[in-house]
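*Asks:* need a structure here:
(chains A and B)
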Amino acid sequence: MAGLELLSDEGFRLDGRRPSELRKIRLRLGVFDQADGSAYIEQGNTKALATVYGPHEVLGGKGKPLHDKVIINCQYSMATFSTNERKNRPQGDRKSTEMSLHLQRTFEATIQTHLYPRSQIDIFVQILQADGGNYCACVNAATLAIINAGIPMKDYVCACSSGYVNNTPLTDVSYLEESQGGPVVTVAMLPKSEQIALFKMDNRLHVDHLEQVLEVASKGCKDMYAVMNAAVKEHVSRMAKSMECS
Amino acid sequence: MAIFITTPRKRHVCDEFTEPQRLVTPGATITADSDFMRGHGTYMEEDELIASVAGVVEKVNKLISVRPLKTRYNGEVGDVIVGRIQEVGQKRWKVDVNSRLNAILMLSAVNLPGGELRKRSAEDELKMRQYLTEGDLISAEVQSVFSDGALSLHTRSLKYGKLGQGIMVRVSPSLIKRRKTHFHNLTCGASVILGNNGYVWITRTPTEEEEAPDGGFVQNLQPVSDEDRRVLARLRNCILGLADHRMMLYDTSVIYTYAASEDYPVADLLNPDIMKDVILKVRQQLNQEAT
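*Replies:* The predicted model follows:
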């Protein structure tokens, strides 16, 4: 590769993190009043915004109401200003359709869909700034938004990516590390039961290393869970307190 | 025109907080004891009772449920609701009530003009759109809940029916305190309907002679005076302010807020800082009363 050393001799990454360190996470729940649930998350420089509407009556021509479970409709989009190069991104291009589908599968596996027959849940996620791990940020933001909307789900879904450089697995890879062409494994996991809701791999990785990389990714998911859970707890207790006051 | 510039807004909720006793988040185990019954917001897995929403655990005898702080409206029989007609169908209206499915108002569940006990003819079916059409607001009561969770409404009382001129405000359903009555005539000359579904209707209190005699299908479209409008607008701002600060809505809190807001002009109440002061005053007043 063109001279970029992803892991220095001292064992630090380009942005100064250790191999097993997550980027700085900042998050907020309930950013919009209008939506049923909303959340905003920053993982390093990757910023994602998620809004959830529903469950509500099935609207529009597409999709018939299902008599035994809820329809989950995901839409992923990237802001024009989210990447280095300013670019108009039309709705429904290949990349975002694929991402929407991945998100939909992930949440169909975790939301208790059987509770809301004949209705629909809309999940909209937008990347405001893309710096690697877009899928992870989207899943995490959407999870928080769903919790904010009070929609029952089996467990949190936390997502984390990991890469493999110089025989060392890296957690939560950034854009710079992602774009060097090394392997990147993305995992969405239910942290309590350790079930995997989505597993995705870009580029080739020797099967001998897979276990190691997966281990690191799932550790990242659990760390993510700890941060998200603390934020949800604080949010909920503030809200409960405020309602109690009156 | 004046422009307000403020620092980033935070949710105006209590600053100091302590974690409530039994706070759970999705996936957290509530109990491993199999003696308990599974309520809303929980599920069973491998003999453990696990929460599926974030909220506070409520225990009634053997039943454990978790109530999330913010959800769509879950109807219960007897609730007073305010809703908007979405669709006119065969012998029924579909009503948007902020629930997960549209509620149904049957033609047989309304009081038609001209007598309480009148047989419903085919003619009535054809005239349905004249009684209530898409976009009309109604107040109603939940009559029953269908097996899929949809609500069936009725307006078989003179207090329910079509709503005339006024303001509708949407708040979270969990902020409406359950009371004996949800219809309030306030002393300021306005009346509010605090619908259990989170829709709040604000209107001028009708005078005696204006009381609609005709089953409530005739709207009074007389112009509303400026003074009345000011009262309604102030009330609207107060209710939105209360909701913004996650305060429960019921007659006392609304009256107190209205009274506390009277130091300011109506438009100033839209300024978050001023509203914060008003709410603080109300909170103190309510706390004082509680002790």
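*Asks:* where along the stretch 101-250 of chain B do the strands fall?
*Replies:* According to DSSP state E, counting those that start in this stretch, the stretch 101-250 of chain B carries its strands in the segments B:103-110, B:137-145, B:151-155, B:161-162, B:167-170, B:183-185, B:190-194, B:199-204.
*Asks:* actually chain A, sorry about that
*Replies:* Per DSSP state E, chain A carries strands over the ranges A:25-29, A:37-43, A:46-57, A:71-78, A:119-129, A:158-165, A:168-171, A:184-190, A:195-202.
*Asks:* Taking strand A:184-190 as reference, get the angle to the last one.
*Replies:* Calculated by axes from the mean of the first three to the mean of the last three CA atoms, to 10 degrees, strand A:195-202 forms an angle of 170 degrees with strand A:184-190.
*Asks:* is chain B contacted by strand A:195-202?
*Replies:* No - when contact is scored as CB under 8 Å from any CB of the partner chain, no part of strand A:195-202 falls within range of chain B; the minimum is 10.9 Å. In short, each C-beta sits where N, CA and C put it, glycine included.
*Asks:* For that strand, which outside residues touch it?
*Replies:* Residues outside strand A:195-202 that contact it (CB atoms under 8 Å, 6 or more residues apart in numbering or on different chains) are A:102, A:105-106, A:109-110, A:135, A:139, A:157, A:159, A:183-190.
*Asks:* That one: partners in the sheet, and parallel or antiparallel?
*Replies:* Strand pairing for strand A:195-202, using DSSP bridges, gives strand A:184-190 (antiparallel).
*Asks:* what does the stretch 51-200 of chain B put close to chain A?
*Replies:* Proximity of the stretch 51-200 of chain B to chain A (CB under 8 Å from any CB) is limited to residues B:52-56, B:68-72, B:96, B:100-102, B:148-149, B:174-175.
*Asks:* ok so, going back, redo the strands of chain A as TSV? Include distance to B:Val88, mean neighbour count and mean pLDDT.
*Replies:* Below are the strands of chain A laid out as TSV (distance: least, CB to CB, whole Å; neighbours: other CB atoms under 10 Å in any protein chain shown; pLDDT from 0 to 100):
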stretch	distance to B:Val88	mean neighbour count	mean pLDDT
strand A:25-29	39	18	94
strand A:37-43	31	25	95
strand A:46-57	15	24	94
strand A:71-78	25	21	93
strand A:119-129	21	22	95
strand A:158-165	45	25	94
strand A:168-171	57	22	94
strand A:184-190	44	24	95
strand A:195-202	43	15	93
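*Asks:* what bits of chain A have low per-residue confidence?
*Replies:* Per-residue confidence for chain A (pLDDT under 70) gives these ranges: A:1-3, A:60-62, A:245-246.
*Asks:* do the longest helix belonging to chain A and chain B meet?
*Replies:* Of all the segments of type helix in chain A, defined by DSSP state H, the longest one is helix A:207-245. Yes - interface with chain B: helix A:207-245 contributes A:229, A:232-234, A:236-243, A:245 (CB under 8 Å from any CB).
*Asks:* chain center to that helix: distance?
*Replies:* Going by CA atoms, centre = their mean, to the nearest Å, the spacing between the C-alpha centre of helix A:207-245 and its chain's C-alpha centre is 12 Å.
*Asks:* Summarise which helices and strands it is packed against.
*Replies:* Under the contact criterion of 3 or more CB pairs under 8 Å, 6 or more residues apart in numbering or on different chains; DSSP states H and E, the helices and strands touching helix A:207-245 comprise strand A:25-29, helix A:134-148, strand A:158-165, strand A:168-171, strand A:184-190, strand B:23-24, strand B:55-60, helix B:272-290.
*Asks:* Give me the helices and strands touching the first one, please.
*Replies:* Looking back up the chat, that one is strand A:25-29. Packing contacts for strand A:25-29, counted by 3+ CB pairs under 8 Å, 6+ apart, involve strand A:37-43, helix A:134-148, helix A:207-245.
*Asks:* Quick check: which of those has the most neighbours on average?
*Replies:* helix A:134-148 (a mean of 28; mean count of other CB atoms under 10 Å in any protein chain shown).
*Asks:* Output the helix or strand bottoming out on mean pLDDT in chain B in PDB with nothing but the alpha carbons.
*Replies:* None of the helices or strands of chain B scores lower by mean pLDDT, DSSP states H and E than helix B:122-126, at a mean of 84. Backbone C-alpha positions of helix B:122-126 (Å, rounded to 0.1, in the frame of the first residue of the first chain) are rendered in PDB as follows:
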ATOM      1  CA  ALA B 122     -80.000   2.900   3.700                       C
ATOM      2  CA  GLU B 123     -80.400   6.600   3.300                       C
ATOM      3  CA  ASP B 124     -78.200   7.300   6.300                       C
ATOM      4  CA  GLU B 125     -75.500   5.200   4.800                       C
ATOM      5  CA  LEU B 126     -75.600   7.400   1.700                       C
END
